[in-house]
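Colleague: Below are the sequence and a predicted model; questions follow.
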Amino acid sequence: MRGNDQVIAPGKPAATLSGAPLTFSFEDAPVADVVRTVLGDIMGVPYVLHPPIAGTVTLASRNAIPPDQAVFLLESALQANGLALARDARGTYHVGRADMLRNIGSDVRQASPRAPLSPGFGAIVIPLNYIGAGEMASILRPMVPGDAIIRVDTVRNLLVMNGTRTQAEGWLELVNTFDVDLLKGMSVGVFPLKHASVKEIEAALRLVSGGGAAPAGGATGGAAGSVGTQAGAAGRGQAGNAGAAASAVLGEGNPLFGALRIMPIERINSILVVTPRAAYLDEARRWIERFDQPTDSGGEPQLYIYQVQNVNAKHLANVLSGIFGGQTSSTGNVANSGVAPGLSTATGNSFGQNSMSGGTFGNTNSSFGGGVSGGSFGTRVGSQSSGFNSLGNRNNQNNGVQQQAAAAASIGNIRVMADELNNSVLVWGTKSEYSKIEATLKRLDVPVTQVLIEATIVEVTLSDELEYGLQWAFNDNPTRNGSTYRGNGQLTNNANGIISGLAQGFSYTVGRSTSDIRATLNALATKSLVKVISSPSLMVLDNHTASIAVGNQQPVKTNTTTPITDITTGVTTSTIQYKDTGVNLTVTPSVNAGNLVTMQVDQTVTDVGADVPSADGQPAFLQRQISSKVAVRTGEAIVLGGLIKDNSNTGKSGVPFLQDVPLVGKLFGSNTVNKGRTELLVVITPRVVRTDIDIREVSEDLRDRLKGLKAIENLGIGTKAPVLDSVPQRSAPAN
C-alpha cells in the first residue's frame, strides 16, 4: 500500500498586510518612536512593546514600498539593536528582546516552496523530502546559533527551528542545497559474476581502492561491506568482529573513503557498486571484468539448467554418467550385447505346439553384418494361439530402447539430474564445470534420426521358369547390380499334405537396387503372377519399433458343451474364439553414421486353409513367417523370400450313380487335380530421414503416390502437410 507522503498537516497561509505603498525616512530616531509610527500610525496594526527598548534607528525608503516590505525593513533594523519582532496567533505584533518573546506563543510558520515566510521571530517547521533529518541537523549545527534547532524529528523527517524570517530564509537555502534526490545523482551498478565468487571480487576491489586486503573475518558474510562511514556498521556474517575489521581497513585513511561503496550480494552472486561519480562506476566495471575470469576450479557451485531441444533429458543424464564415469542413482543401463541399442538378442520364435517339423533359416555368411537371426516356424492345425500373439509378446518385451532407470548421476563434485516434466537437465557445479557439461550436451542434443520403412508384401504364383522359386529370377545374372545371399532353411511338411514336400523352398535375402527388383516384379505382374497382399509405409524413430497389422479375425469353435439336463432335447452351447489372420510386420531399424540401416524384421502371414474333417470341420491356419536381421543402405531395397507354398486340390464330377459304376463309371465322370505353388516375398526399402527438409521430401514423395491427388489439391490442402501412409492401413502405433 502506497502512502500520500503527508506526515504533518498543511500550514496556514501567511498573513498578508494590506494597504497602499508607503514611504518613510528616520534619522537616528528612537526605536519606540519608529515602531509607533510604522506599525501604529502608518499600517494601523496592533502592537505591544516589551521594555526595555532602547537605541536609535536610521530607516528610510527612497520609493514607495508595500506594507510587507516595510515590516521586513523594520525587523532588520530591530535586529541590529538586539530586538526582535514577533506576531502571535491573534495577529498582534510584539517588539522586545528575543528571550522575552519566547513565551508569547508566536505564530508557527511552515516552510513551503510555494509561499514566502511571514515576518517575525518564532518557530519554523522545515519538512525534508530526501535527506534524513539527523543528517541535515548535523550539517546545520556548525552554521546556526546553538539554540536555533529546537527539534530533530526523524519519524516525520523534519526540523523545527527558531529564529527571525531573515535567519530562516538563509537556513532554507542551505537545506535546499542538500535536500536533493541522492539516488538520482548516484551511479549504481549491479555486476553479475560468471566465474569468480563475490568474496574474491570484493577483496580485490578493496585492494584496488587503496584500502588493503580485507581480513579473514571481514571478507565473509552476506550483508554490505562499504568503503565509507557505514563500513564498520554494516556487519557481514558475525557483525561485531567483521564490522570492526572492515572499519579498520576501510576507514578515513582510504583514498576513496565515502566515494565508493561496495556491497556483495551472494544470493545472486553479484557485486553492487554505488558511487556519486560515474567515472568511478566505469572504472569499477573494468576491474570486475578483469577479475571475473574463468579458471579450472574457481567459482562457487550453483544450479544450471540446460533446456533439451531434441532428445530425452533422462537419456542425456544417463549418457553423461557413462561418459564422465559418474555413479547413477540406480542401475538399468543396457549392457553391451553386440547388438544395436534397444534390439533383442533373441534368435527365434515358435509357432504352435503341434508342428510336424521345424527348421531354422539364416546363417552367418551374410555380408550385411550380423547375419539373419534364426527362428523356428511351422504349421499348426486348429491351434488356439496365433503368430500375431507370439510375435507381439516378443516385441513387447524388447520394444524400442529399453527403459533406463537412472535419472540422476554424480560426476565427481558435479550433480546431474534429469527433469523429465520439463525435459531439462539440471547441473549443480561451478561455471567452468558446467561449461564442459554444456559442450557435451549440445553435441548430444541433436535431432533424432528417423527411418521411413516402405514395405511391400507380395505373393507370386510359381510356374514355368519360376518352378524353383523367384530366387532363380533374381539370380539369372548374379554379377549384375548387386549381390545375392542364400540361406539353408526349408519349409515344413504338413501331415495332411496341404504343403507338399515334393518341392522345398529356400530361405534367402536379395540386396539389389530398387529399380531392378521393381522391374522383375512388374514383369511378373504383366503375366498376372503377382498378388500384392499389403504395401504399408510408416515412419519410425531410430532404434524404435514400428508394427503394422492388416487382416481379419476368423471365428473358430473351441468348445462345445451339452448340459446334462438338455441331453434329451439336444441343446448344445459352443464357445467361439477369434484368431487373427492376415499380415503382421514389425521392424526395428538402427542407423549408423554412414546411413547403413540395420533392421530386425519379424513378419508373419496367416491364411485360412481347408477344413480338416478330423477336427470337426474346423479350418486349418497356414502361417508363413520371416524373422531376420538385415542391413542395407538407405534408399536401397532388400528382399526377404523363399517361403514357398504348394497347394494340391483334387475334385470329382459326373453323372450321379453312373459315375460310381465299376469299370464303366469313368465314362460318365471326370477327376481333376489342380496344383499351384506360390512364394511369399517381403520387399523392404528403408530411407533415412535426418532433417526437416528430408521429412518434407518424404511427405511429398508419398503424397504423389496417393490416388485422387487432384481432388485433394482442389480442396485446398497445403503441400506441406505430412502424409506417412500411402495406403490406408490398420496399423499399430510406433513405439
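Modeller: Perfect, thanks for sending it.

Colleague: Could you pull out the strands in the stretch 51-200 of the chain for me?
Modeller: 56-60, 84-87, 93-96, 109-110, 122-127, 149-153, 158-163, 187-192 (DSSP state E, counting those that start in this stretch).

Colleague: I figured Thr604 hits Leu622, correct?
Modeller: No: if you go by C-beta atoms under 8 Å, Thr604 and Leu622 don't touch, sitting 10.9 Å apart. Where C-beta positions appear, they are placed from N, C-alpha and C, glycine not excepted.

Colleague: Quick check on these two: which one has the bigger neighbour count.
Modeller: Thr604 (25 against 20; other C-beta atoms under 10 Å).

Colleague: Which strand or helix spans the more buried one?
Modeller: strand 596-612 (DSSP states H and E).

Colleague: So in that sheet, which strands flank that strand, and in what orientation?
Modeller: Using DSSP bridges, strand 596-612 pairs in its sheet with strand 573-591 (antiparallel), strand 618-633 (antiparallel).

Colleague: can you list the domains in this protein?
Modeller: Domain ranges of the chain: 25-182, 184-291, 451-732, per automatic domain parsing.

Colleague: Let me see the mean pLDDT of the longest one.
Modeller: Here domain 451-732 scores 68 as its mean pLDDT.

Colleague: try the second one
Modeller: Looking at domain 184-291 alone, the average pLDDT works out to 65.

Colleague: That one spans what distance, first to last residue?
Modeller: End-to-end distance for domain 184-291, by C-alpha to C-alpha, to the nearest Å: 29 Å.

Colleague: rank the strands of the stretch 51-200 of the chain by pLDDT, which is bottom?
Modeller: strand 109-110 - the lowest mean pLDDT of those, at a mean of 80.

Colleague: Which strands and helices lie in contact with that strand?
Modeller: strand 122-127 (3 or more C-beta pairs under 8 Å, 6 or more residues apart in numbering; DSSP states H and E).

Colleague: the inter-axis angle of the strand it packs on versus strand 149-153?
Modeller: Angle of strand 122-127 versus strand 149-153, following axes from the mean of the first three to the mean of the last three C-alpha atoms, to 10 degrees, is 30 degrees.

Colleague: what residues does strand 122-127 touch?
Modeller: With C-beta atoms under 8 Å, 6 or more residues apart in numbering as the contact definition, strand 122-127 has outside contacts at 7-8, 11, 86-87, 106-111, 117, 150, 156-163, 168, 171-172, 175.

Colleague: So in that sheet, which strands flank that strand, and in what orientation?
Modeller: For strand 122-127, using DSSP bridges, the partner strands are strand 109-110 (parallel), strand 158-163 (antiparallel).

Colleague: In JSON lines: those, plus mean neighbour count and distance to Arg687.
Modeller: Output for these, formatted as JSON lines (neighbours: other C-beta atoms under 10 Å; distance: least, C-beta to C-beta, whole Å):
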{"stretch": "strand 109-110", "mean neighbour count": "20", "distance to Arg687": "88"}
{"stretch": "strand 158-163", "mean neighbour count": "20", "distance to Arg687": "84"}
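
Colleague: Could you dump the ones you listed into CSV and include distance to Val682?
Modeller: CSV is the format used below for the strands paired with strand 122-127 (distance: least, C-beta to C-beta, whole Å):
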stretch, distance to Val682
strand 109-110, 101
strand 158-163, 96
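
Colleague: so which of the ones you listed comes closest to Leu59?
Modeller: Closest to Leu59 of the strands paired with strand 122-127 is strand 158-163 (C-beta to C-beta; 21.5 Å).

Colleague: pretty sure Thr678 contacts Thr461?
Modeller: Yes: Thr678 lies in contact with Thr461 (C-beta under 8 Å); the separation is 5.6 Å.

Colleague: Leu421 and Ala313: what is the separation?
Modeller: Per C-beta to C-beta, to the nearest Å, Leu421 is found 9 Å from Ala313.

Colleague: any chance you could read off phi and psi for Glu636?
Modeller: phi -100, psi 150 (degrees, to the nearest 10).

Colleague: 29 is where my numbering starts, stick with that
Modeller: Done: numbering now begins at 29, and the last item shifts to Glu664.

Colleague: quick one on the thing from earlier: check the strands paired with strand 624-640 for me and report the most buried one.
Modeller: Neighbour counts (mean count of other C-beta atoms under 10 Å) averaged over each of these peak at strand 646-661, with a mean of 22.

Colleague: on that earlier part again, got a markdown table for the strands paired with strand 624-640, with distance to Val726 too?
Modeller: Output for those, formatted as a markdown table (distance: least, C-beta to C-beta, whole Å):
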| stretch | distance to Val726 |
| --- | --- |
| strand 601-619 | 14 |
| strand 646-661 | 16 |
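
Colleague: picking up where we left off before, between the strands of the stretch 79-228 of the chain, which one is nearest to Met71?
Modeller: strand 121-124 (9.3 Å).

Colleague: C-alpha coordinates for the longest strand that the chain contains, CSV please?
Modeller: Longest strand in the chain by number of residues, with DSSP state E as the criterion: strand 697-717. Backbone C-alpha positions of strand 697-717 (Å, rounded to 0.1, in the frame of the first residue of the first chain) are rendered in CSV as follows:
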residue,chain,number,x,y,z
GLY,A,697,-17.5,-88.6,-64.9
SER,A,698,-14.1,-87.0,-64.5
ASN,A,699,-11.5,-86.5,-61.9
THR,A,700,-9.5,-83.1,-61.7
VAL,A,701,-6.2,-82.4,-59.9
ASN,A,702,-5.2,-78.8,-59.5
LYS,A,703,-1.7,-77.9,-58.3
GLY,A,704,-0.4,-74.5,-57.5
ARG,A,705,2.8,-73.1,-56.0
THR,A,706,3.2,-69.6,-54.5
GLU,A,707,6.1,-67.8,-52.9
LEU,A,708,5.8,-65.0,-50.3
LEU,A,709,8.2,-62.1,-50.7
VAL,A,710,8.8,-59.1,-48.4
VAL,A,711,10.5,-56.1,-50.1
ILE,A,712,11.7,-53.5,-47.6
THR,A,713,13.2,-50.2,-48.6
PRO,A,714,14.4,-48.0,-45.7
ARG,A,715,15.0,-44.3,-46.1
VAL,A,716,17.0,-42.4,-43.5
VAL,A,717,15.4,-39.0,-42.5
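
Colleague: Adjacent strands (with direction) for that strand?
Modeller: When DSSP bridges is applied, strand 697-717 pairs with strand 478-490 (antiparallel), strand 665-682 (antiparallel).

Colleague: mind listing the helices in the stretch 79-228 of the chain by residue range?
Modeller: 95-108, 161-168, 193-206, 210-213, 226-236 (DSSP state H, counting those that start in this stretch).

Colleague: mean pLDDT for those: which is lowest?
Modeller: Among these, helix 210-213 carries the lowest mean pLDDT (a mean of 78).

Colleague: Give me the buried positions along that one.
Modeller: By 16 or more other C-beta atoms under 10 Å, helix 210-213 has no buried positions at all.

Colleague: Run through who's touching it.
Modeller: So helix 210-213 is contacted by Tyr158, Ile159, Pro304 (C-beta under 8 Å, 6+ apart).

Colleague: what number of residues lie near the last one?
Modeller: In this case it means Pro304. By other C-beta under 10 Å, 14 other residues sit near Pro304.

Colleague: Next, work out how far apart it and Arg115 are.
Modeller: Noted for Pro304: a distance of 42 Å to Arg115, by C-beta to C-beta.

Colleague: Burial check on Gly133, number of neighbours?
Modeller: For Gly133, using other C-beta under 10 Å, the count is 13.

Colleague: did I read that right, Ala467 in a strand?
Modeller: No: assessed by DSSP: H, G, I helix; E, B strand; the rest coil, Ala467 does not belong to a strand; its assignment is helix.

Colleague: And it, how close does it get to Met445?
Modeller: For Ala467 relative to Met445 (C-beta to C-beta), the value is 19 Å.

Colleague: Neighbour count for those two, which is higher?
Modeller: Met445 (19 against 10).

Colleague: Looks like the more buried one contacts Ala345 (just checking).
Modeller: Yes: between Met445 and Ala345 a contact is recorded at 6.5 Å, counting by C-beta under 8 Å.

Colleague: Right, I'll call it a day here.
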